[in-house]
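Asks: Next one to model:
(2 chains)
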2 protein chains.
Amino acid sequence: MSSGDKESKVVIIGGVAAGPKTGSRIARLCPDMEITLIEKGEFLSYAGCGLPYYISGVIKERGELMNTPSGAVRDAEFFHNVKNIQVCNRTQAMRINRKEKTVTIRSLRTNQQEDMAYDYLVLATGATPTNPPFEGIDLLNVFNLNKVEDAEAIMSVLESGDVRKVAIIGGGLIGAEMAESFHARGLQVCLIEKLPQLLPSLDEDMSLLISRYMEDKGVRIATDTTVTRLSGKSRVESVITQDGKIFDADVVLIATGVRPNSQLAHKAGLEIGDLGGIKVNEKLQISDPDIYAAGDCVQNTHRITGKPCYVPLGSTANKQGRVVANNICERPDRWRGVLGTNICKIFDYAVGSTGLTEKQACANGYEVLTVLSPAPDKAHYYPAAKPIFMKLVVDQKSRRLLGVQVIGPGGVDKRIDTAATAITAGMTVDMIAELDLAYAPPFAPAMDNLITAANIARNKLDGYLEGVSPQDVKAKIDRKEAIVLLDVRSLKEYESMHLSGSVCIPLGKLREEYERLPRGKEIITFCKLSLRGYEAALILKSKGFTDVKVMDGGLL
Amino acid sequence: MSSGDKESKVVIIGGVAAGPKTGSRIARLCPDMEITLIEKGEFLSYAGCGLPYYISGVIKERGELMNTPSGAVRDAEFFHNVKNIQVCNRTQAMRINRKEKTVTIRSLRTNQQEDMAYDYLVLATGATPTNPPFEGIDLLNVFNLNKVEDAEAIMSVLESGDVRKVAIIGGGLIGAEMAESFHARGLQVCLIEKLPQLLPSLDEDMSLLISRYMEDKGVRIATDTTVTRLSGKSRVESVITQDGKIFDADVVLIATGVRPNSQLAHKAGLEIGDLGGIKVNEKLQISDPDIYAAGDCVQNTHRITGKPCYVPLGSTANKQGRVVANNICERPDRWRGVLGTNICKIFDYAVGSTGLTEKQACANGYEVLTVLSPAPDKAHYYPAAKPIFMKLVVDQKSRRLLGVQVIGPGGVDKRIDTAATAITAGMTVDMIAELDLAYAPPFAPAMDNLITAANIARNKLDGYLEGVSPQDVKAKIDRKEAIVLLDVRSLKEYESMHLSGSVCIPLGKLREEYERLPRGKEIITFCKLSLRGYEAALILKSKGFTDVKVMDGGLL
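Replies: Have a look, this model is predicted:
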């Protein structure tokens, strides 16, 4: 058919995020197209990302997750009256008949089946939790959190009142968010993760800080722990690991990730990517040019590496829906991929990352330089200032920023968004250090955290500063290397807490007392944040000490 | 002399922001250089931007403004011991003797004068309040707020207890911040501005929202009001305007802006820019290559227009200090200018802007398109979501973002920093709409406010949406043009408040009831935020109405 025909029939499969977005946009651009939305579930266009906050009690009414900002309920009637979209909910798409250009659908209400003709087909089929094949997974009180119905089921069990202990299997974003949600309801929470760390979007050093923080809040954390089965009579009673550990649990949430719903596309002979998502071109078109795909069912491209990646997010789904609609309405648009930007709230911390982690960057062949920089997020003397801990991943060769991770109670999201924009523009750390960011004491330090971190990276790139990671320092100590650990905080700070084996010369005394330090040994300077440690290293270098390094990130 | 000589003498004039930064960085990079810092006042390296918060009581101790993040006091001893910088405070630089390469300085303690030799001279002389020549300006209780000493003087009068009314002359950043500070101390505050609007970094439409907000908070605002004299016996008692209005005031703060301290440079025959600041090249060098300048005394370059601008800020001063130090230490660095980014806190609102305002963009010859977009700063169903009101200024020709203004109680600083980064990178609204920004309900809507605004700009650029500003609508009403004001909110919303003369057809009814609207007349649709207004315009267009516009920003 001629593309963009005014009265084309568009069939969209999937009614949560990318689907409704695509439909609404087509209805705006091409009001004469006939748009039908097929959704397997009851509910449309709900805010799946809001479910953890519904369970924690932060969001009081389920309905709030389904309303527009002006309070209208996004039901079939709303889509019909406002958007001119016909909705078939509780309807399953069974088969794509590409030759006939029809979709076979079946009503879950009546079980009746029919073929629906399309000129354009949009696949927005989303993703499904990947439940590992545990024994006992069908016991009562074992849940996923993927749909509104899941949240309802969890809520009704929690409200029954006899739940005390919850085990979450999977320490990714959902697992970590839900640890807070269950904790907020007064439950004992245990978070179990197969890998050695929580949150794979962070490097291990940053992830460790989050684990400690969650433990301080009372969440039990078990990393490096593989679950093999769930046990109980009819209701789940415990989670049992490979090495025989038993975690008691009245409720189990499985949050081991999701996989793209690409079976329908696969059965129709459409191409599926290596990561399991539907393969699309820059127009978000599939190998069949009358079929588009958007949202969690699609395999994405990483904007830095150009390689396939799978980062299912509501923000991406919405943006992709717009691109698909534009292309169907003959307004050529393209989708260039994602940076893997993500953020989550865990108690009072925000945890965000964008671009490549150190691990990912190394795996992609970059010669990586990193910076760890903890600092207050506002002018340090402004009472509302809170710390954030930032890690930069920089390409040594091009000096370009490859990735940023930020965690802490302060303004994390701002630095992530600024960094994501800088990375997208291909900025070097030199360009970032020069950015004219908004400064006033209630909002940022005079040199924003991102600028300070970029400047530390420049110092390292230019050889003015040699850093050593806390892990490497620990390894040196464990190997009993002959190093000097020089703590340059005040004596008072030193007395309240210090690394065993470290010597203390406060920064202000160092120019007088540097002779106390032995020549010829490696000296590692540090303070609380490493700002004073950095000054100390430069003073010692000026005094002829040659092997001086600064511990990245300091004691924090 | 040969540049970067290891034992060069560096003399820095000015000890607040750019000066100490330059000195500290030189001491790090070239520890053998002899660095002397000349400061006219008593105090060094204090946080001038924090003074309003000291006066409001948010910051309890003056000392906090002078301490490092680790609590050390930045006094002469600190600079000597830690930074290896000699400090001469209470010392005035009288004259630069370029031939002899000396500076004549005079101690304000002893009145003794001497010539100090330099290899490199750094001018970081800051700025001074521009006090208009009002009659009565020397009365008691008339203040500026430029130095720690000013804040002390204001505090001692406020603490005397018989102050009830404060008049602030000048409605820029400092004036607006100080309105809050005085108000926080329970004083009656009047803010008097000569121009028709507060905050020249905003366009008039955005500025009006701030004025209204401040008035709601109890600040009396008088724009378009020129002060001619201050009246009183020994203490000030009132402020009198050109047209004879009298504002009673026990204290008057003059905040009509600052001018760069460039006299010393001027007397030495160095070039001064049209805006009064010292003229520098990209290395921040003056016409004499052994002399550098940084901070509030320098005339800047606007990164978009390439034209001179003067935006004195602590953030810029710190960044420039680093560039000067790098250049002196033979590590070539350049300064490309500023975007004019600024932010301030006014009660619970943040007010920020970056790049060009609509007015500035038009004055610079751009064909400008604007977007007004009010929306919650987080997922609308997340309880902590707060509104922000955003204005984009876009170049129609290149589709590049030229400027952004954001105000409101929500996350303003994040959008300003992200936009500043995008503008620096020369991004078009198309590129901005595609940014992979951090999304989770506690941090942002699925489509971040900046992305939504960029998408509205794209719709306008591509002719899908014709907007009309609220001012233009008002003008049309005043001219009694035959327009239809179509309110598409719910009847309940309409009943509680509406524009007189408007008709209400709720969006959900419009597809049924559009026949109620007259053909051939201009129809202007709107709702609270204009999202529904936008949908309504598209529905009407699809029904054959041709002259349909959306009111930018809606009723808000």
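Asks: Please count neighbours and contacts with C-alpha atoms only from this point.
Replies: Will do.
Asks: what are the bridge partners for A:L392, then?
Replies: Under DSSP bridges, the beta-bridge partners of A:L392 are A:V371, A:V404.
Asks: In contact with the nearest residue to A:P387 once chain neighbours are set aside, which residues?
Replies: Spatial nearest neighbour of A:P387, excluding adjacent residues (Cα to Cα, 6 or more residues apart in numbering or on different chains): A:P376 at 4.1 Å. Listed by Cα atoms under 8 Å, 6 or more residues apart in numbering or on different chains, the contact set of A:P376 reads A:A385, A:K386, A:P387, A:I388, A:G410, A:P445, A:N449.
Asks: ok, those residues vs chain B, which is closest?
Replies: Ranked by distance to chain B (Cα to the nearest Cα), the contacts of A:P376 are led by A:P445 at 8.1 Å.
Asks: Give me the neighbour count for that closest one.
Replies: Applying other Cα atoms under 10 Å in any protein chain shown, we find 24 residues neighbouring A:P445.
Asks: show me what contacts it?
Replies: Residues near A:P445 by Cα under 8 Å, 6+ apart: A:P376, A:D377, A:K378, A:A379, A:H380, A:Y439.
Asks: Surely it is in a strand?
Replies: No - in this structure, A:P445 is coil, not part of a strand, as judged by DSSP: H, G, I helix; E, B strand; the rest coil.
Asks: And it, what's its pLDDT?
Replies: Note on A:P445: pLDDT of 96.
Asks: Filter the contacts of A:P376 down to just the ones in strands.
Replies: With strands taken from DSSP state E, the overlap with these comprises A:P387, A:I388.
Asks: Among the contacts of A:P376, which one lies nearest to B:Q86?
Replies: Set against B:Q86, the nearest of those by Cα to Cα is A:P445 (26.0 Å).
Asks: For that closest one, give its distance to A:R331.
Replies: In this view, A:P445 and A:R331 are 44 Å apart by Cα to Cα, to the nearest Å.
Asks: A:V252 sits in which helix or strand?
Replies: Element membership for A:V252, per DSSP states H and E: strand A:251-254.
Asks: And the average pLDDT for that strand is what?
Replies: pLDDT averaged over strand A:251-254 gives 98.
Asks: so what does it touch, helix or strand wise?
Replies: Counting contacts by 3 or more Cα pairs under 8 Å, 6 or more residues apart in numbering or on different chains; DSSP states H and E, strand A:251-254 is packed against strand A:142-143, strand A:165-169, strand A:236-241.
Asks: 10 Å instead?
Replies: Applying 3 or more Cα pairs under 10 Å, 6 or more residues apart in numbering or on different chains; DSSP states H and E, one finds that strand A:251-254 makes contact with strand A:142-143, helix A:148-160, strand A:165-169, helix A:173-184, strand A:188-192, strand A:236-241.
Asks: Any idea which of the ones you listed gets closest to chain B?
Replies: Nearest to chain B, of all the helices and strands packed on strand A:251-254, is helix A:173-184, at 10.2 Å by Cα to the nearest Cα.
Asks: for the record, mean pLDDT for the closest one?
Replies: Per-residue scores along helix A:173-184 average to 96.
Asks: just stretch A:549-556 next, same as before
Replies: Per-residue pLDDT values across stretch A:549-556 average out to 81.
Asks: what's the answer for stretch A:101-117, then?
Replies: Mean pLDDT, computed over stretch A:101-117, is 97.
Asks: neighbouring contacts of the strand holding A:V252?
Replies: The contact list for strand A:251-254 (Cα atoms under 10 Å, 6 or more residues apart in numbering or on different chains) reads A:129-132, A:137, A:139-145, A:154, A:157-158, A:163-171, A:174-175, A:178-179, A:189-192, A:230, A:235-239.
Asks: check those against chain B, which are close?
Replies: The subset of the contacts of strand A:251-254 within reach of chain B, by Cα under 10 Å from any Cα of the partner chain, is empty.
Asks: Buried only: go through the residues you listed for me.
Replies: Those of the contacts of strand A:251-254 that meet the buried threshold are A:129, A:131, A:137, A:139-145, A:154, A:158, A:163-171, A:174-175, A:178-179, A:189-192, A:230, A:235-239, by 16 or more other Cα atoms under 10 Å in any protein chain shown.
Asks: Centroid-nearest residue for chain A?
Replies: The C-alpha lying nearest the average C-alpha coordinate of chain A belongs to A:N342 (Cα atoms, centre = their mean; 3.2 Å).
Asks: Flag every residue of the stretch 251-400 of chain A that's near chain B.
Replies: By Cα under 10 Å from any Cα, the part of the stretch 251-400 of chain A that sits against chain B consists of A:303, A:313-320, A:322-323, A:331, A:333-345, A:350, A:352-355, A:375-376, A:379-384.
Asks: Go through those residues and flag which are in strands.
Replies: Counting by DSSP E, the part of these found in strands is A:N342, A:I343, A:C344, A:K345, A:A350, A:G352, A:S353, A:T354, A:G355, A:A375, A:P376.
Asks: which of those sit farthest apart?
Replies: Farthest apart among these by Cα to Cα are A:G355 and A:P376. That separation is 23.0 Å.
Asks: Give me the local confidence score for the residue nearest to A:P387.
Replies: pLDDT recorded at A:P376 is 94.
Asks: Against A:F443, how distant is it?
Replies: When A:P376 is compared with A:F443 (using Cα to Cα), they lie 11 Å apart.
Asks: Then A:V82?
Replies: Plainly put, A:V82 is 40 Å away from A:F443 if you go by Cα to Cα.
Asks: same question, A:D288
Replies: In this structure, A:D288 and A:F443 are 50 Å apart, going by Cα to Cα.
Asks: Helices of the stretch 251-400 of chain A, residue ranges please.
Replies: A:263-267, A:314-328, A:358-363 (DSSP state H, counting those that start in this stretch).
Asks: which outside residues touch the first one?
Replies: The reference is to helix A:263-267. If you take Cα under 10 Å, 6+ apart as the criterion, helix A:263-267 is touched by A:93-97, A:123, A:125, A:269-272, A:276-279, A:286, A:291, A:293, A:297.
Asks: what's the answer for the last one, then?
Replies: Outside helix A:358-363, the residues that touch it by Cα under 10 Å, 6+ apart are A:201-204, A:304-305, A:355-357, A:364, A:366-370, A:391-395, A:402-405.
Asks: so how far is it from its chain's centroid?
Replies: With Cα atoms, centre = their mean, to the nearest Å as the basis, helix A:358-363 stands 17 Å off its chain's centre.
Asks: With the first one instead?
Replies: Computed by Cα atoms, centre = their mean, the separation of helix A:263-267 from the middle of its chain amounts to 27 Å.
Asks: these two touch, right, A:R90 and A:Q112?
Replies: No - if you go by Cα atoms under 10 Å, A:R90 and A:Q112 don't touch, sitting 11.7 Å apart.
Asks: Pick out whichever of these two has more residues nearby.
Replies: More crowded of A:R90 and A:Q112, by other Cα under 10 Å: A:R90, with 16 against 10.
Asks: Whatever residue of the stretch 451-556 of chain A ends up closest to chain B: what secondary structure?
Replies: Among the residues of the stretch 451-556 of chain A, A:G508 lies closest to chain B, at 5.0 Å counting by Cα to the nearest Cα. Counting by three-state DSSP, the backbone at A:G508 sits in helix.
Asks: Is it correct that it is in contact with A:S490?
Replies: Yes - with contact defined as Cα under 10 Å, A:G508 reaches A:S490; the gap is 8.7 Å.
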